[in-house]
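Enquirer: generate a structure from the sequence data that follows.
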Amino acid sequence: MSDTTTYISATLRQANLRHLLERTRGAVGRMYPYFRIDFYLARVTCCATDLRVGSVSEMNLREGESVKMGGTVCISDKKLWSIIDALPDKPVTLTELDKNRLQIQCGTYVGIIACVNHEEHFPDMIIPGGAPDIECGGSFLNDIYTAIGHSIGSNEDSATSGMFIRAEDSRLVGAATDGHRLSVAAISVPYDDDCEPFNNGVTISGRALGEIKKLSCGSSEVRFRENRMSVEQNGIAIIAMLFEKEFPAYRRIIPTTHPHCLVVNTCGLIEIVERVTVLSETLGITLEIHSGWITVTGENSAGIISDQVECETTGEDVTICITPRYLLDSLRSLKSSEDVVIKYRDEKSAVLLIPADHSGWDERIELIQPRSA
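Expert: The predicted model follows:
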């Protein structure tokens, strides 16, 4: 490249640049551990992706900020974030020395970090265009994700590493499972458009939902194109690749009859389980349900640990072995309900938890498979 080539030159406020990077860095992936930053005369955009989820954030230039020469840099997310995060809130001047180095100046600080060719090291991020399929608040999936996200599986090769969303009778129904537990939540459609984009159901990765959750309650535009969904709001676009693998038929594993049930104070049971598991060295605890009481028992090298909480019971006594983390996750997600209803068949069958007062949900279910004793 000849010496007459002009490279990027821009001055941005540290706080604004830091905010731009912060909004984007949650989408950075292992395969593409970079920020792609595009400098325009009146704005700057930052992109990151792990292919399953992408984030594009935009900032308009403010007083005291300028882009003298635009262009694109692709740079290590960790290195750039560490530097910008450590700088004071003063003007930061970014100068591309050549196609492999970016100089950062702020006050008396001068640093140089390496860049990579964005055409070779960063994939194209195609944001679905055209008219939005849905216009709604940015938090339209947040309530469901907050309620049931703890049950999303960790196997990225399986559809269970995402949350399944489907429209049913003017409701959005969400489901998540990791094979050991199942969470279901349904709410009335929180936007004015019809539910058609969700009629057949879509599965969205937990990571994409975590990025969507960062959006505020302002107006958002949602688009579906082929196997992608985008949510755009206030200069931020989250692009989620939808799972092509079919989500498990979760309705089939929800028992329709439970001969026994109990009602217990939600926070009271949480406290008991937390106390017992603090010193427990086992992966499982037992719930002994009998005569208006739940006895929670664990073990460590010194002996048996137990505590009790009062409840209302209907049906036979039973002792169920359960994973404490799963139980606590479910109970904490139902904490807005003063009481929780726990239904069960026997010690080998799944335990069903539902909020006693419904807590504003059209449907809310936590299902946990028992452990072997």
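Enquirer: going forward, measure contacts between C-alpha atoms and count neighbours the same way
Expert: OK.
Enquirer: A strand includes Ala208, no?
Expert: No. Ala208: not assigned to a strand; according to DSSP: H, G, I helix; E, B strand; the rest coil it is helix.
Enquirer: Ile322 versus the residue nearest to it when sequence neighbours are not counted, what's the distance?
Expert: Using CA to CA, 6 or more residues apart in numbering and skipping residues adjacent in sequence, the residue nearest Ala208 is Val53, 5.3 Å away. Distance of Val53 to Ile322, computed by CA to CA, to the nearest Å: 34 Å.
Enquirer: who has more neighbours out of the two?
Expert: Val53 (28 against 22; other CA atoms under 10 Å).
Enquirer: hang on, isn't that one packed against Phe243?
Expert: No. With contact defined as CA atoms under 8 Å, Val53 does not reach Phe243; the gap is 11.3 Å.
Enquirer: which ones are touching the residue nearest to Ala208?
Expert: With contacts defined as CA atoms under 8 Å, 6 or more residues apart in numbering, Val53 is in contact with Ala27, Ser205, Arg207, Ala208, Ile238, Ile239, Ala240, Met241.
Enquirer: under the pLDDT cut-off, which ranges of the stretch 1-150 of the chain? List them.
Expert: 1-6 (pLDDT under 70).
Enquirer: walk me through the domains of the chain.
Expert: Per automatic domain parsing, the domain ranges recorded for the chain read 9-121, 134-251, 254-368.
Enquirer: what's the closest of the ones you listed to Pro128?
Expert: When the domains of the chain are compared by CA to CA, domain 134-251 sits nearest Pro128, at 6.0 Å.
Enquirer: list the buried residues of stretch 264-281.
Expert: Neighbour counts over stretch 264-281 (16 or more other CA atoms under 10 Å) mark Val264, Asn265, Thr266, Cys267, Leu269, Ile270, Ile272, Val273, Arg275, Val276, Thr277, Ser280 as buried.
Enquirer: returning to what we had before: most surrounded residue in the contacts of Val53?
Expert: Ile239 (29 neighbours).
Enquirer: distance check, the residue nearest the centre of the chain against Pro197.
Expert: Central residue of the chain (CA atoms, centre = their mean): Gly210, 2.7 Å from the mean position. Per CA to CA, Gly210 is found 21 Å from Pro197.
Enquirer: quick one, strands of the stretch 101-250 of the chain?
Expert: Taking DSSP state E, counting those that start in this stretch as the criterion, the stretch 101-250 of the chain contains strands spanning 101-106, 109-116, 134-137, 162-168, 171-177, 181-188, 202-205, 219-225, 228-233, 236-241.
Enquirer: out of those, nearest to Leu367?
Expert: Per CA to CA, nearest to Leu367 of the strands of the stretch 101-250 of the chain: strand 181-188, 5.0 Å.
Enquirer: for the closest one, packing partners?
Expert: Judged by 3 or more CA pairs under 8 Å, 6 or more residues apart in numbering; DSSP states H and E, strand 181-188 is in contact with helix 142-148, strand 171-177, strand 363-368.
Enquirer: partners of that strand, with directions?
Expert: Paired neighbours of strand 181-188 in the sheet (DSSP bridges): strand 171-177 (antiparallel), strand 363-368 (antiparallel).
Enquirer: related to what we said a few turns ago, okay, the residue nearest to the centre of the chain: pLDDT?
Expert: We note a pLDDT of 90 for Gly210 in this prediction.
Enquirer: what sits against the residue lying closest to His260 once chain neighbours are set aside?
Expert: When the adjacent residues along the chain are set aside, His260 lies closest to Gly315, with 4.5 Å between them (CA to CA, 6+ apart). The neighbours of Gly315, taking CA under 8 Å, 6+ apart as the test, are Pro259, His260, Cys261.
Enquirer: contacting residues for the second one?
Expert: Listed by CA under 8 Å, 6+ apart, the contact set of His260 reads Thr313, Thr314, Gly315, Glu316, Lys343, Tyr344, Arg345.
Enquirer: same question, Gly174
Expert: By CA under 8 Å, 6+ apart, Gly174 lies in contact with Ile144, Tyr145, Ile148, Met163, Phe164, Ile165, Arg166, Val184, Ala185, Ala186.
Enquirer: check Pro91 too.
Expert: Shown in contact with Pro91 (CA under 8 Å, 6+ apart): Thr11, Leu12, Arg13, Gln14, Glu65, Cys106, Gly107.
Enquirer: what pairs with it across the strands?
Expert: Beta-bridge partners, per DSSP bridges, of Pro91: Arg13.
Enquirer: use 615 as the first number from now on
Expert: All set: I'll call the first residue 615, so the last point we hit is now Pro705.
Enquirer: so it versus Glu679, what's the distance?
Expert: Using CA to CA, one gets 8 Å for the distance from Pro705 to Glu679.
Enquirer: wait, Gly685 touches Arg657, no?
Expert: No. Taking contacts as CA under 8 Å, Gly685 lies outside contact range of Arg657: 11.5 Å.
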